[in-house]
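Undergrad: Requesting a structural model of the entry that follows:
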Amino acid sequence: MTVTVARDAALLDPVARFETRADAQHDFCVKQDATGLEAGRWYYYRFSVADQRSPIGRTRTLPAADRYVDRARFAVVSCANISHGYFSVYKTLAEHGDLDFVLHLGDYLYEYGIGEYGDVPDRDPVPPHEMVTLEDYRQRHAQYKGDADLQAVHQQYPMIVIWDDHESTNDSYQDGAENHQPLTEGDWETRKNIARRVYFEWMPIREQNPGDFATIYRRFQFGDLIDLSMLDTRLEGRDEPLSLPFDPARNDPERRLISDTQMQWLLDGLSASTARWRFIGQQVMFAQLNIAEIPSLNEHAPQLRGNLSAINMDQWDGYAADRLKILNHLDDNNIDNVVILTGDIHTSWASEIYRNPGTLLGDLFDAPLAAEFVTPAVTSPGFPEGAAELAGVAVPVVNPHIRYVEAKSRGFILMDVNHQRAQAEFYYARDIESFDLRGQIDESKTKLVAVYSGDSRLREEGLRPSRPRTLRTALFHPPAPASASTEEMA
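TA: Numbering: from 1, shown residues only. Here you go, the predicted structure:
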């Protein structure tokens, strides 16, 4: 198989050709590291075998870390269950034309069988049962890659990815999962390793060491503008989630959401960064989401401070000591301009991050230590009608650090970042159940929130949608047909 890389969409100005091989050991998926390319520019590529040719794809190399970059534009997505509807959000992104990359924060696919989670006509999962075996996981990945709208996103943009739980199974952690029954589904370690292996076969991610399918935390540098640290808060180091929100063990300093090794890697990277913005891409909500509070008695002792009763123990709220370790590091080392990007919960949030936002006479009168934007789902459902509207009003009352909640609409975040501010633009799909309405945005729901350099408070007043880039290099021909070789679009 030949991979051709060129500077132009017609492939008339090729810069490299590589020979590679597809084989059964890797489910006939092909990846090629295109070495020797220039930093910070677009390239076009095609796979060919004999007289068979793939559609032409487009990708971008990152600007060199020491280069001044005035602007970055990228989309943030998560939670795309094929059985809940069409990938209207992906169609919108593919037609956008001027993004630098797409950031996918997990739940790229779901493990459930027919009727178990979603029942939109003609969107049944393959295989029809829950994925458990190697063949099951491979078939499900192949089905998702066969979706024309998802193919079009991969064709248009490089995608930076991490897994969450549904790439293995619901509410997974290091030693088990809520949706794994050993008596009928076998050994968890075996299933987890299968899920990891197939993820590395089918997704645009390279092994950090040969045969290492476990390590996905890694860092990207976008010139001098952004350092992006991607975490694994799901399978690497995570202790079993607590079942009760008022369990005092949530403040246990020995509980881990990420391993000590990953934690030190993150803290060291935040300290060493010289970029204007330090972004953290990760899976579960970082901001406190509380029912009630107790006073802060000692800011460096998590067992003595914080949330009397939170809501979701799968989030950082269930691992308060790990979260406090990061916040103390930011504060003690005067690290600013930290923005956390999150997926997982099928809803939209914008929050200021404090050690303990419940102490109204304390932290909220200080500067926030970071900001967090949580992206809505591509298709997976949020709160039901009525409850979503109530949550949008009630949650900020108990949690004044949470500035925006939209709890039911599907969509994405467009991040527009320059040296002065990082602006999150929440866009929502008009419809995900109608094939004909794919790609249309409900402009009445658009929300803009920004954080400015040197001040992590969220601002909403006076914002305007960011301007598109003047120069667009998108491929404007239609997406590849569903019959195209799907591994060529990875």
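Undergrad: Low-confidence ranges, the stretch 251-400 of the chain, go.
TA: Of all residues in the stretch 251-400 of the chain, those with pLDDT under 70 make up the ranges 291-309, 358-365.
Undergrad: all strands of it, in order?
TA: For the stretch 251-400 of the chain, applying DSSP state E, counting those that start in this stretch gives strands covering 277-282, 290-293, 307-310, 338-342, 348-353, 370-374.
Undergrad: List the strands paired with the fourth one, with their directions.
TA: Taking DSSP bridges as the criterion, strand 338-342 sits next to strand 277-282 (parallel), strand 370-374 (parallel) in its sheet.
Undergrad: hmm, who's touching that strand?
TA: The contact list for strand 338-342, computed with C-beta atoms under 8 Å, 6 or more residues apart in numbering, reads 76, 103, 105, 270, 277-286, 330, 349, 353, 369-375, 413, 415, 422, 451, 456. Quick note: C-beta positions are derived from backbone N, CA and C, even for glycine.
Undergrad: Please identify which of the strands of the stretch 251-400 of the chain is closest to residue 399.
TA: strand 290-293 (5.9 Å; C-beta to C-beta).
Undergrad: Residue 228 falls within a strand, correct?
TA: Yes: applying DSSP: H, G, I helix; E, B strand; the rest coil, one finds residue 228 inside a strand.
Undergrad: residue contacts, it?
TA: Residue 228 neighbours (C-beta under 8 Å, 6+ apart): 103, 160, 219, 220, 221, 222, 279, 280, 281.
Undergrad: now these as JSON lines including neighbour count and distance to residue 229?
TA: Output for the contacts of residue 228, formatted as JSON lines (neighbours: other C-beta atoms under 10 Å; distance: C-beta to C-beta, whole Å):
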{"residue": "103", "neighbour count": "27", "distance to residue 229": "12"}
{"residue": "160", "neighbour count": "20", "distance to residue 229": "11"}
{"residue": "219", "neighbour count": "13", "distance to residue 229": "5"}
{"residue": "220", "neighbour count": "16", "distance to residue 229": "8"}
{"residue": "221", "neighbour count": "19", "distance to residue 229": "10"}
{"residue": "222", "neighbour count": "23", "distance to residue 229": "12"}
{"residue": "279", "neighbour count": "27", "distance to residue 229": "7"}
{"residue": "280", "neighbour count": "21", "distance to residue 229": "5"}
{"residue": "281", "neighbour count": "23", "distance to residue 229": "7"}
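Undergrad: Relative to residue 245, which of these is nearest.
TA: residue 280 (24.6 Å).
Undergrad: Run through the helices of the stretch 201-350 of the chain in chain order.
TA: For the stretch 201-350 of the chain, the helices defined by DSSP state H, counting those that start in this stretch occupy 260-272, 320-332.
Undergrad: picking up where we left off before, columns distance to residue 8 on top of the strands of the stretch 251-400 of the chain, output as CSV?
TA: Output for the strands of the stretch 251-400 of the chain, formatted as CSV (distance: least, C-beta to C-beta, whole Å):
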stretch, distance to residue 8
strand 277-282, 31
strand 290-293, 54
strand 307-310, 53
strand 338-342, 33
strand 348-353, 38
strand 370-374, 35
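Undergrad: hmm, back to that, so which of the strands paired with strand 338-342 is the most surrounded?
TA: Across those, averaging neighbours per residue (mean count of other C-beta atoms under 10 Å) puts strand 370-374 on top, at a mean of 26.
Undergrad: any chance of the strands paired with strand 338-342 in JSON lines, with distance to residue 339 too?
TA: Output for the strands paired with strand 338-342, formatted as JSON lines (distance: least, C-beta to C-beta, whole Å):
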{"stretch": "strand 277-282", "distance to residue 339": "5"}
{"stretch": "strand 370-374", "distance to residue 339": "5"}
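Undergrad: The strands of the stretch 251-400 of the chain: which one's closest to residue 407?
TA: So among those, strand 348-353 is nearest, using C-beta to C-beta, at 7.5 Å.
Undergrad: Which positions in the closest one come out as buried?
TA: Residues of strand 348-353 classed as buried by neighbour count (16 or more other C-beta atoms under 10 Å): 348, 349, 350, 351, 352, 353.
Undergrad: Now do it against helix 320-332, angle only.
TA: Using axes from the mean of the first three to the mean of the last three C-alpha atoms, to 10 degrees, one finds that strand 348-353 and helix 320-332 are set 60 degrees apart in direction.
Undergrad: Identify the residues contacting strand 348-353?
TA: Residues outside strand 348-353 that contact it (C-beta under 8 Å, 6+ apart) are 285-287, 327, 338, 340, 342, 368-376, 399, 401-407, 409, 411, 413, 424, 426, 447, 449, 456-458.
Undergrad: And stretch 448-457, by the same measure?
TA: 276-277, 336-339, 350, 352-353, 367-371, 373, 403-404, 419-426, 458-460, 463-465.
Undergrad: Of the residues you listed, keep whichever come out buried.
TA: The neighbour-count criterion (16+ other C-beta under 10 Å) marks 276-277, 336-339, 350, 352-353, 368-371, 373, 403-404, 421-426, 458 among the contacts of stretch 448-457 as buried.
Undergrad: which residues touch the residue nearest to residue 313 when sequence neighbours are not counted?
TA: Spatially, and ignoring its direct neighbours in sequence, residue 313 is nearest to residue 242 (4.3 Å; C-beta to C-beta, 6 or more residues apart in numbering). Applying C-beta under 8 Å, 6+ apart, we find residue 242 in contact with 249, 250, 313, 318.
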